[in-house]
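1. Predicted model and sequence follow; I will ask about them next.
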Amino acid sequence: MRLLTQSRPSLVFSCLKSSTAVGAPLQGKPSVDYQIRKFPASERSLNTVNLLRNIVDALKIDKDATKSFIPLSIGDPTTFGNFPISEGAKRSLIEAIEGGNCHGYGPSIGFPFARKAVADFHSSRHVHLTENDVLLTPSCSSALDLAIGAIAEEKSNILLPSPGFPLYETLTGLYNVNVKYYNLLPEKNWEVDLNQLESVIDSNTSAIVVCNPSNPCGSVFSPKHIRDIIQTAEDHNLPIIADEVYSHMVFNNVEFESFGDLSENVPVLVTGGLAKRWLAPGWRVGWIILHDRHDQLSSVREGLINLSQRILHPNTICQFAIPGILRDTPPEFFKSVMADIEENAKLAFSKLAACPSLKPVMPEGAMYMMTGVDVDTLWDQPDDVAFTQNLLKYQNVFCLPGSGFTYPNSFRIVLTVPRDVLSEACDRIVEFCNMNLKQ
Ligand SMILES: *Cc1c(COP(=O)(O)O)cnc(C)c1O
């Protein structure tokens with residue numbers, strides 16, 4: 001077993017503290033007449049919270065742990081080095097740099113040739129996309145930021161999945177957009193509870209956000225279920241923001257369809273990027289693909305372009321590499337990555353399912369698995385946050401509590417961990433439960 005001795009990456013970020021610049025006078029007396037006053041941060045910035053970050057930052061680190069630290073928390077496939085990028089992608093980046101002029105600014109929504117490559121890559125037998133249907137953004141996170149910002153008026157509400165990716169709520173806060181949740185049903189492989197979804201729609205609703213394949217669930221909607229969700233949106237004349245950053249990341253014999261391809265009427269803003277499928281979140285490349293067959297989004301297009309001028313396009317080196325990355329990452333590359341993740345899912349599922357206090361839900365794609373935890377069967381675990389905290393304390397395994405995804409009594413594990421490490425982590429989780437099992 002490889003021992004993981006590195007510091008905890010997810011906790012490192014919380015150590016950001018103010019520092020004293022080199023050459024500046026040390027703290028103490030101000031020069032002559034300078035009146036020291038504290039500058040308050042804007043209310044807006046102080047009110048920006050990520051549910052998960054709050055929980056993670058409050059976790060205590062045990063420096064004296066005897067067992068190796070295993071983070072099952074980080075949604076970054078590069079953490080352990082077991083999922084390298086494709087050779088074709090690497091070559092495309094090198095060629096972009098060697099090719100010359102890729103260090104300057106470009107159009108705020110990205111270069112047309114890079115947008116065209118993304119459009120071609122996502123065109124299907126149902127849908128022909130052009131560069132005018134694509135905006136490149138500095139990440140999928142910023143694609144979501146633009147999409148929500150352009151479509152949701154202040155004080156309107158937007159519908160988010162529960163459990164769901166906490167970033168959505170963080171983004172809505174800054175725009176003064178209210179959030180309503182619709183439920184995903186674990187007993188139905190995390191399908192949407194359509195009746196309950198309808199019940200939360202009102203005249204102030206501006207859009208439905210879906211995430212498929214799902215973070216945190218690892219679930220994949222069937223084409224039929226996607227059509228049912230689209231029908232609900234159509235009945236209420238609402239646009240859909242479909243976060244498909246895990247598009248095509250599905251297990252063997254599972255079908256992926258894009259909301260954009262299946263919608264005949266309601267417009268769909270598909271967000272995606274290179275982060276997950278191409279195993280390179282650090283490249284910071286995202287996009288919005290507009291599926292707008294009846295030209296309902298002309299005003300929103302203008303809004304998106306205006307918003308893109310705030311932060312501008314993704315980095316130019318990657319934009320130059322995009323055509324090559326999309327062309328030269330072979331299907332076998334994706335297949336082998338997903339086969340590996342599926343094996344991990346099966347292993348983790350079988351280990352955790354054997355524990356009476358745990359109820360994992362077998363995923364069908366992406367790179368996560370949600371597991372229900374019945375805290376009432378365990379001593380001293382009042383809720384999922386305490387459970388994950390104690391798991392870290394006593395077993396040095398870190399999972400994210402479901403509360404961070406608005407879904408208490410559960411936790412999420414990441415499946416891109418090397419198999420032996422994942423196996424060890426699951427054994428420790430089960431051992432922890434067994435040691436705390438009542439009677
Ligand atoms: C990782 C992730 C993103 C963000 O992708 P970036 O391109 O790294 O910003 C967006 N949505 C979901 C559901 C994710 O898991």
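-> Sure, I can see it.

2. hey, let's count contacts and neighbours off CA atoms from now on
-> Fine.

3. what's the helix or strand for Ala147?
-> helix 140-151 (DSSP states H and E).

4. so the helix or strand following that helix versus helix 140-151, what angle?
-> Downstream of helix 140-151, the next assigned helix or strand under DSSP H and E is strand 157-162. Relative orientation of strand 157-162 and helix 140-151, computed by axes from the mean of the first three to the mean of the last three Cα atoms, to 10 degrees: 150 degrees.

5. near the ligand, anything from strand 157-162?
-> No - Strand 157-162 stays clear of the ligand (Cα under 6 Å from any ligand atom), getting no nearer than 10.9 Å.

6. What helices and strands are in contact with that strand?
-> Secondary-structure packing of strand 157-162 (3 or more Cα pairs under 8 Å, 6 or more residues apart in numbering; DSSP states H and E): strand 178-185, strand 205-211.

7. For the ligand, which of those strands is the nearest?
-> The ligand lies closest, by Cα to the nearest ligand atom, to one member of the helices and strands packed on strand 157-162: strand 205-211, at 6.1 Å.

8. partners of the closest one, with directions?
-> Note on strand 205-211: by DSSP bridges, its sheet partners are strand 157-162 (parallel), strand 240-243 (parallel).

9. Please list the residues outside the last one that contact it.
-> What it means is strand 240-243. Residues from elsewhere that reach strand 240-243 (Cα atoms under 8 Å, 6 or more residues apart in numbering): 144, 147-148, 207-212, 230, 233, 259-260, 266-272.

10. Give me the distance between the two termini of stretch 275-289.
-> Stretch 275-289 has an end-to-end distance of 16 Å (criterion: Cα to Cα, to the nearest Å).

11. gap between that stretch and the chain center?
-> Relative to the centre of its chain, stretch 275-289 is centred 11 Å away, using Cα atoms, centre = their mean, to the nearest Å.

12. Same question for stretch 146-155.
-> Counting by Cα atoms, centre = their mean, stretch 146-155 comes out at 19 Å from the chain centroid.

13. where does this structure dip in pLDDT?
-> Counting by pLDDT under 70, the chain contains low-confidence residues at 1-26, 61.

14. tell me which parts of it are close to the ligand?
-> So the chain meets the ligand at 139-141, 165, 215, 245, 273, 275, 281, 284-286 (Cα under 6 Å from any ligand atom).

15. export those to CSV and tack on secondary structure, distance to Ile97 and neighbour count?
-> Output for the residues of the chain next to the ligand, formatted as CSV (DSSP: H, G, I helix; E, B strand; the rest coil; distance: Cα to Cα, whole Å; neighbours: other Cα atoms under 10 Å):
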residue, secondary structure, distance to Ile97, neighbour count
Ser139, coil, 20, 25
Cys140, helix, 23, 25
Ser141, helix, 25, 22
Phe165, coil, 34, 23
Asn215, coil, 33, 26
Val245, coil, 26, 25
Gly273, strand, 20, 28
Ala275, coil, 20, 20
Pro281, helix, 19, 19
Arg284, coil, 17, 18
Val285, coil, 16, 26
Gly286, strand, 20, 24
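
16. In JSON lines: the helices and strands packed on strand 157-162, plus mean neighbour count.
-> Below are those laid out as JSON lines (neighbours: other Cα atoms under 10 Å):
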{"stretch": "strand 178-185", "mean neighbour count": "19"}
{"stretch": "strand 205-211", "mean neighbour count": "24"}
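
17. Go ahead and confirm Pro30 touches Ile36.
-> Yes - using Cα atoms under 8 Å as the test, Pro30 is close enough to Ile36 to be in contact (7.5 Å).

18. So which of those two has more stuff around it?
-> Pro30 (11 against 8; other Cα atoms under 10 Å).

19. Might you report the residue contacts of the more buried one?
-> Ile36.

20. Now it: which helix or strand?
-> Counting by DSSP H and E, Pro30 is part of no helix or strand.

21. now it: how far from the ligand?
-> Using Cα to the nearest ligand atom, to the nearest Å, we find Pro30 at a distance of 41 Å from the ligand.

22. didn't Thr316 look like it was pressed against Cys102?
-> Yes - when contacts are counted by Cα under 8 Å, Thr316 is listed as touching Cys102 (5.5 Å).

23. Where do the domain boundaries of this structure fall?
-> 51-82+332-435, 87-328 (automatic domain parsing).

24. Helices along the stretch 1-150 of the chain, start to end?
-> Here the stretch 1-150 of the chain has its helices, by DSSP state H, counting those that start in this stretch, at 9-12, 43-46, 51-58, 87-98, 112-122, 140-151.

25. ok so, going back, of all the domains of the chain, which lies closest to Pro40?
-> Ranking the domains of the chain by proximity to Pro40 (Cα to Cα) places domain 87-328 first, at 17.5 Å.

26. Pull the number of nearby residues for whichever residue of the stretch 301-439 of the chain sits closest to the ligand.
-> Relative to the ligand, the nearest point of the stretch 301-439 of the chain is Ala366 (8.6 Å; Cα to the nearest ligand atom). Counted with other Cα under 10 Å, residues neighbouring Ala366 total 30.

27. same check, this time on the one 5 residues further on
-> The local packing of Thr371 (other Cα under 10 Å) involves 24 other residues.

28. Can you name the residues bridging to it?
-> Here Thr371, judged by DSSP bridges, has bridge partners Pro360, Phe411.

29. That one touches Phe411, doesn't it?
-> Yes - using Cα under 8 Å, Thr371 is in contact with Phe411, at 5.5 Å.

30. tell me the SS of Val270?
-> Here Val270 takes the strand state, with states given by DSSP: H, G, I helix; E, B strand; the rest coil.

31. Which residues does stretch 330-341 contact?
-> Stretch 330-341 has contacts (Cα under 8 Å, 6+ apart) with 83, 86, 88, 249-252, 277, 365, 367, 415-416.

32. can you rerun that using 6 Å?
-> Stretch 330-341 has contacts (Cα atoms under 6 Å, 6 or more residues apart in numbering) with Leu415.

33. one step back: does anything pack onto the helix holding Ala147? Which helices or strands?
-> Judged by 3 or more Cα pairs under 6 Å, 6 or more residues apart in numbering; DSSP states H and E, the packing partners of helix 140-151 are strand 268-273, strand 286-291, helix 298-311.
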